[in-house]
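[1] Take a look and give me a structure for this.
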Amino acid sequence: MKLKYLTGIVLAVLLFIEGCYSQNANTQTNNMDSTNKKSNPAYSRTDTAKVVLNDDEWKKVLNPEVYRVARQKGTEAPGTSAYEHSKEIGTYYCAVCGNALFKSDTKFESGCGWPSFYEPISKGSIIYANDNSYGMQRTEVMCGRCKSHLGHVFNDGPPPTGLRYCINGVVLDFEKAKKAEEKYNSDKKPAGS
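    Numbers count the residues shown, from 1 in each chain. The predicted model follows:
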């Protein structure tokens, strides 16, 4: 019991230190537009083809904080994501490639310091890998399209899945449902109406 408690404290300190480092190393604020989509050839919300770019190509199209988290398996500081407490209705996408990841109705307040979801949008939207870093055994979650690091999944979430996908907000993009509906309806109008 004491060992689990001590391990938890050590983990919290490590995450805090890493988070503090990432805040000081990069003074950019998370303005919820974490990549320059116009210069990123991989970014598409409609293309489902796998994305394979080399490290230099990713560095050119991603801002430094997104690159550090998504491509170097970093962690943003807890409590810094504008998405953590967001109640907006819509869809969360991978900020690196545009892949649909989570619907807002699967988001919940976990109190962990990062946006949390209990279910991905589809089985293929997320891929999993064992993560034994920092002396812990965890399950890493990555984007199913570009293999960018998103965060981790834990077995302490709410029903119906019992899962908690703890996701770095800096690697998320969000589109409000109303905006998507308006775009869909305007695309469907015949020319000249």
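
[2] Name the surrounding residues that touch stretch 151-169.
    Contacts to stretch 151-169, defined as C-beta atoms under 8 Å, 6 or more residues apart in numbering, come from residues 30, 69, 74-76, 80-84, 92, 101-102, 108, 110, 112, 114-120, 126, 128, 131, 138-141, 149-150, 171. The C-beta positions use only the backbone N, C-alpha and C, and glycine is treated the same way.

[3] Let's see which of those residues end up in strands.
    Mapping the contacts of stretch 151-169 onto strands (DSSP state E) picks out 92, 101-102, 108, 116-117, 126, 128, 131, 138-141, 149-150.

[4] tell me the two of those that are most distant?
    Farthest pair in these (C-beta to C-beta) is F108 and D131. Separation: 22.4 Å.

[5] For the protein, which segments count as helices?
    Ranges of helices in the chain, per DSSP state H, are 2-25, 55-61, 64-72, 177-188.

[6] pLDDT weak spots in the chain?
    For the chain, the stretches flagged by pLDDT under 70 are 1-38, 180-181, 183-193.

[7] cutoff 50 now
    Residue ranges of the chain with pLDDT under 50: 5-7, 10, 12-35.

[8] Tell me the buried residues within the ones in strands among the contacts of stretch 151-169.
    Buried by 16 or more other C-beta atoms under 10 Å: 92, 101-102, 116-117, 126, 138, 140-141, 149-150, out of the ones in strands among the contacts of stretch 151-169.

[9] Spit out the contact partners of the closest residue to I89 other than its chain neighbours.
    Nearest residue to I89, sequence neighbours excluded (C-beta to C-beta, 6 or more residues apart in numbering): A177, at 4.6 Å. Shown in contact with A177 (C-beta under 8 Å, 6+ apart): 89-91, 104.

[10] From these, keep the buried residues only.
    Restricting these to buried positions leaves 90-91, 104, with burial counted as 16+ other C-beta under 10 Å.

[11] Quickly name whichever of those is closest to N54.
    Lowest distance from N54 to these (C-beta to C-beta) belongs to T91, with 28.8 Å.

[12] partners of the closest one in the sheet?
    Beta bridges link T91 to K103, E175, judged by DSSP bridges.

[13] wait, isn't it in contact with A100?
    Yes. T91 lies in contact with A100 (C-beta atoms under 8 Å); the separation is 5.8 Å.

[14] what do those two both touch?
    Common neighbours of T91 and A100, using C-beta under 8 Å, 6+ apart, are I121.

[15] Roughly how far does G111 sit from F102?
    Between G111 and F102 the computed distance is 18 Å (C-beta to C-beta, to the nearest Å).

[16] now swap in G162 and tell me
    G162 is 16 Å from F102, by C-beta to C-beta.
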